[in-house]
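J.: Need the 3D shape of this:
(2 chains)
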Amino acid sequence: MKRAKLSPGERAVRIFGYILMILAVIVALYPILWVILSSFKTNKEILSSGLSLPEHFSLDGYKQALEMAPIFQFFATSLMISVTATVLNVLFLSMSGYIFAKKRFRGKNILFWILSLSMVIPTTALLSPVFTVISKMGLYDTKAALIIVYIALSMPVSLMILRSTFSAIPDELEEAARMDGAGFLKNFFLVMIPCAKGGMASAAVLAFLESWNEFTFALILTSSVSTRTLPLSLSYFTAQFSFNYTALFAAITIAVIPSIVIFAFFQEQVNQSLVAGSVKG
Amino acid sequence: MRKKEIPWIILFLLPTCAVFLLIFAVPLCMVIGGSFFNYRLMPKTFSFNGIGNYIQLFTQDKNFWLIFRNTLVWIVIHCVFHVALGTLLAFVLYKKPRGWKFVRVVYMIPNIISQSAIAMIFLNMYNPQYGVLNSILKAVGLEKLQHNWLFEMGTAFPAVTMTWFLFAGYTTTLVLAQCLSLDEGIIEAAKIDGASSLQIDRLVVFPLAKDMIRTTVIMAATYMLQLFSMIYLTSGGGPGSTTTNLPLYLYTTMKSTNYGYANTIGVVIIVVGMVTMFLINRVFHTREE
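T.: Residues are numbered from 1 along each chain as shown, chains lettered A, B, ... in the order given. Have a look, this model is predicted:
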């Protein structure tokens, strides 16, 4: 941008812009920094002033937090559920997305329209019957229950992303593969999938974020410690760490930091995925 | 279509359709059907109730209209002010001022970490003893203004609203991506014609970003209809029902094993969602003409 002389109006606009940027950074970072700083303070320091900096950095809070709550176990549970749900979601919706993009059969448009309904139904409305269905299947309080539900929650976005991804692959490619004698499966896995990697990555990122952060269904579909996911475990912290604020803040920090680190590394990919997934309405 | 491909087509559609049936189609039918039944576990009852649940909800339920109003107010605040905030920042950032990438990444962080973590952070920031807000008031000598923010009648609603209101990272990211994808030639041309940056924003960039803004408004409305953990973990919906929304009301109704009534609330949520989406598309459509 040229550094030409700015009119007073332009200058005001620019200053306003910088103020907004600074405020945005403060709003986004302050709450998290406050929690991290507080996790190094002693209980007494926390209670005497919420704003002061820790007098010396002690890791006692972290030690106590990990002793009092099996945070790494919640972590592992969350990871296992999210990864499985993401992989299955992308696999299933690549399969159906491919069919909707490339194949013709009677009732295709009606079927697609029906599946698209999942986009306009607020899933919170379905809490009670989903609970009933999962219980009737004997899956209450199992990891499988959450995996199935999370595959479904990410279904609408994945369907849209993957259908358009496969639509963008030229038909000639498939024709050529068929000429070479590739069957249905070979064509799908060896020709189509490699061309659809970008869309699949976007769908995977969004599905993973959705599963990793989901709270409501985890709350109603599980009860025991062995199926407790990380977001859900946060709701037990207040009771678990009663009046041990240092440990409480340490536990929140442990729960939050990995997401931030991973996001910092993959933010370009996450941003692209969000744009690809913004297909609502 | 090749005949021998039919089994493959069915096989490839099967997993998606099965999950859809299990988690969307069957539950949707159960919500609608169940809303006409009196179905509860304590005392165990299961009987057809006609539109009895709806009559009770709309005319006898003392809490319903307050909860309904809360939900609508939050949708409006979120769709208008929250999206406006995110859009404004996107319009600042697309001109690539120094540090724009940093701001984009940092502002997104609260949207990436789980909402329950944000809720827990705010629960502590609002704490009357050691929370940030009261500590600041104490530091500047305004102890009179201290509150138990999340649990007092007058402050609970705005306090809960602030736990998500300022975090418009999604909107910023999406609108910014749209603005950055515009042909820079158009903007340069407008500059050469002597347009000020505000004029360019308003007359050139905004119309081209409008479709993405519509998308973010719809996402904002959808988000508000799914909003649960942020309330459940902070104020718990209280005091009374002052910060309860429809999903939380559905949850508490379900927890008291009044399943039929919970389904009636579910139907209301679905209808609100449909109407909201229709209205948003309507607003953006008429603006186009």
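J.: Could you check how far the residue nearest to B:Phe151 when sequence neighbours are not counted is from chain A?
T.: Spatial nearest neighbour of B:Phe151, chain neighbours left out: B:Pro239 (6.0 Å); criterion: CB to CB, 6 or more residues apart in numbering or on different chains. For glycine as for every other residue, the C-beta is placed from the backbone atoms N, C-alpha and C. Remark: distance between B:Pro239 and chain A (CB to the nearest CB, to the nearest Å) = 18 Å.
J.: does B:Pro239 count as helix, strand or coil?
T.: Taking DSSP: H, G, I helix; E, B strand; the rest coil as the rule, one finds B:Pro239 in the coil state.
J.: same check, this time on B:Val80
T.: helix.
J.: Please identify the helix or strand for the residue nearest the centre of chain A.
T.: With distances taken as CA atoms, centre = their mean, A:Leu209 lies nearest the centre of chain A, 0.8 Å away. Per DSSP states H and E: A:Leu209 is located in helix A:197-213.
J.: What residues sit buried inside that helix?
T.: A:199-213 (16 or more other CB atoms under 10 Å in any protein chain shown).
J.: do stretch B:224-237 as well
T.: Buried residues in stretch B:224-237 (16+ other CB under 10 Å): B:224-237.
J.: try stretch A:263-270
T.: Using 16+ other CB under 10 Å as the test for burial, stretch A:263-270 gives A:Phe263, A:Gln267, A:Val270.
J.: How far off centre is the strand or helix carrying B:Leu279?
T.: Element membership for B:Leu279 (DSSP H and E) is helix B:259-288. Distance of helix B:259-288 from the chain centroid (CA atoms, centre = their mean, to the nearest Å) equals 13 Å.
J.: follow-up on the earlier one: could you dump the buried residues of stretch A:263-270 to JSON lines with pLDDT, secondary structure and distance to chain B?
T.: As requested, these are arranged in JSON lines below (pLDDT from 0 to 100; DSSP: H, G, I helix; E, B strand; the rest coil; distance: CB to the nearest CB, whole Å):
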{"residue": "A:Phe263", "pLDDT": "87", "secondary structure": "helix", "distance to chain B": "5"}
{"residue": "A:Gln267", "pLDDT": "85", "secondary structure": "helix", "distance to chain B": "5"}
{"residue": "A:Val270", "pLDDT": "86", "secondary structure": "helix", "distance to chain B": "7"}
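J.: Rebuild these as a markdown table, extending it with distance to A:Ile147.
T.: Output for the buried residues of stretch A:263-270, formatted as a markdown table (distance: CB to CB, whole Å):
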| residue | distance to A:Ile147 |
| --- | --- |
| A:Phe263 | 23 |
| A:Gln267 | 27 |
| A:Val270 | 22 |
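J.: and B:Val92, how far is that from A:Val133?
T.: Per CB to CB, to the nearest Å, B:Val92 is found 47 Å from A:Val133.
J.: Please say which of these two ends up with more neighbours.
T.: Set B:Val92 next to A:Val133 and count neighbours by other CB atoms under 10 Å in any protein chain shown: B:Val92 wins out with 23 against 20.
J.: any idea how far chain A is from the more buried one?
T.: B:Val92 is 4 Å from chain A, by CB to the nearest CB.
J.: what's the closest non-adjacent residue to that residue?
T.: Nearest to B:Val92 is A:Gly17, by CB to CB, 6+ apart, at 3.9 Å.
J.: how about the residue nearest to the centre of chain A, what does it touch?
T.: With contacts defined as CB atoms under 8 Å, 6 or more residues apart in numbering or on different chains, A:Leu209 is in contact with A:Val270, B:Ile112.
J.: and if you look at B:Gly266?
T.: A:Thr124, A:Ala125, A:Leu126, A:Leu127, A:Ser128, A:Pro129, B:Val31, B:Ser35, B:Leu250.
J.: In the stretch 1-150 of chain A, mark out all the helices, start to finish.
T.: Under the criterion DSSP state H, counting those that start in this stretch, the stretch 1-150 of chain A contains helices at A:8-39, A:43-48, A:60-68, A:71-102, A:108-120, A:127-136, A:143-153.
J.: buried stuff in the last one?
T.: Using 16+ other CB under 10 Å as the test for burial, helix A:143-153 gives A:Lys143, A:Ala145, A:Leu146, A:Ile147, A:Ile148, A:Val149, A:Tyr150, A:Ile151, A:Ala152, A:Leu153.
J.: What of the first one?
T.: Of the residues in helix A:8-39, A:13, A:17, A:20-21, A:24-25, A:27-28, A:31-32, A:34-39 count as buried by neighbour count, 16+ other CB under 10 Å.
J.: and if you look at the second one?
T.: The neighbour-count criterion (16+ other CB under 10 Å) identifies A:Asn43, A:Glu45, A:Ile46 as the buried residues of helix A:43-48.
J.: Determine how far it lies from the middle of the whole chain.
T.: Relative to the chain's own centre, helix A:43-48 is displaced by 35 Å; criterion: CA atoms, centre = their mean.
J.: What average pLDDT does that helix get?
T.: Summarised as a single mean, pLDDT over helix A:43-48 is 82.
J.: One more: the third one?
T.: Mean pLDDT, taken over the full extent of helix A:60-68, equals 86.
J.: Same question for the fifth one.
T.: Regarding helix A:108-120, the rounded mean pLDDT is 91.
J.: Check which helices and strands it sits against.
T.: helix A:71-102, helix A:155-167, helix B:6-20, helix B:259-288 (3 or more CB pairs under 8 Å, 6 or more residues apart in numbering or on different chains; DSSP states H and E).
J.: Single out the most deeply packed of those helices.
T.: helix A:155-167 (a mean of 23; mean count of other CB atoms under 10 Å in any protein chain shown).
J.: could you dump that helix to CSV, C-alpha only?
T.: Taking Å, rounded to 0.1, in the frame of the first residue of the first chain, the C-alpha atoms of helix A:155-167 are listed here in CSV:
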residue,chain,number,x,y,z
MET,A,155,-23.2,-35.1,8.3
PRO,A,156,-24.8,-32.0,6.7
VAL,A,157,-21.6,-30.0,6.3
SER,A,158,-19.6,-33.0,5.1
LEU,A,159,-22.3,-34.0,2.6
MET,A,160,-22.3,-30.5,1.1
ILE,A,161,-18.5,-30.2,1.0
LEU,A,162,-17.9,-33.7,-0.4
ARG,A,163,-20.6,-33.7,-3.0
SER,A,164,-19.3,-30.5,-4.5
THR,A,165,-15.7,-31.9,-4.3
PHE,A,166,-16.6,-35.0,-6.3
SER,A,167,-18.7,-32.9,-8.7
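J.: Tell me if it is near chain B.
T.: Yes: shown here: helix A:155-167 in contact with chain B (CB under 8 Å from any CB of the partner chain) through A:Met155, A:Leu159.
J.: which other helices and strands contact that helix?
T.: helix A:71-102, helix A:108-120, helix A:197-213, helix A:245-277, helix B:6-20.
J.: Now do it: distance to the chain's middle.
T.: 17 Å.
J.: can you tell me the average pLDDT over it?
T.: Mean predicted lDDT for helix A:155-167 stands at 92.
J.: And for stretch B:280-289?
T.: The model assigns stretch B:280-289 a mean pLDDT of 76.
J.: list the contacts for the residue nearest to A:Ser58 when sequence neighbours are not counted?
T.: Leaving aside its sequence neighbours, A:Ser58 sits nearest to A:Phe40 (CB to CB, 6+ apart; 6.3 Å). Going by CB under 8 Å, 6+ apart, A:Phe40 touches A:Pro54, A:Phe57, A:Ser58, A:Leu59, A:Gly61, A:Thr246.
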